[in-house]
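**Student:** here is the input, now give the coordinates:
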Amino acid sequence: MRNIIGPKLKAYRKKNGVSQFDLALKTKGKLSTSTTSTAETEPKYDPRLSTFIEMYRYIDIPFEQLLEELGYGEEYQSTWYKKHKEPVHLVQEA
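**Tutor:** All right, here's what the predicted structure looks like:
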């Protein structure tokens, strides 16, 4: 999967005049300068979910648009639901 979040994070930083170091401070170390640099430069960067969520907090696009760009938009979701028609029961019946 191609790296979508890194370039968006870089665009956010450039638009707002935030350095990688500033971002590390702003996130209280949750995004190190090394992590941000890797995300912004490695085409196949694949962050952990917690890192992805932290990065998402600093990009300027709706989550639905990000899902679409990642390939998990409406078309993917409707296909997934068709494959998994079985209803999910959250409460076990006695």
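**Student:** now the strands for this structure?
**Tutor:** Along the chain, no segments are classed as strands by DSSP state E.
**Student:** so where's it uncertain?
**Tutor:** 1, 77, 80-82, 84-90, 92-94 (pLDDT under 70).
**Student:** which helix of it spans the most residues?
**Tutor:** Ordering each helix of the chain by length in residues (DSSP state H) puts helix 5-16 first.
**Student:** list the buried residues of that helix.
**Tutor:** Neighbour-count burial for helix 5-16, with 16 or more other CB atoms under 10 Å as criterion, is recorded at 5, 6, 8, 9, 10, 12, 13. All C-beta atoms are positioned from the backbone trio N, CA, C, and that covers glycine.
**Student:** please apply the same query to stretch 40-57.
**Tutor:** 40, 45, 47, 51, 54, 55.
**Student:** also stretch 65-77?
**Tutor:** Here stretch 65-77 shows residue 66 as buried, counting by 16+ other CB under 10 Å.
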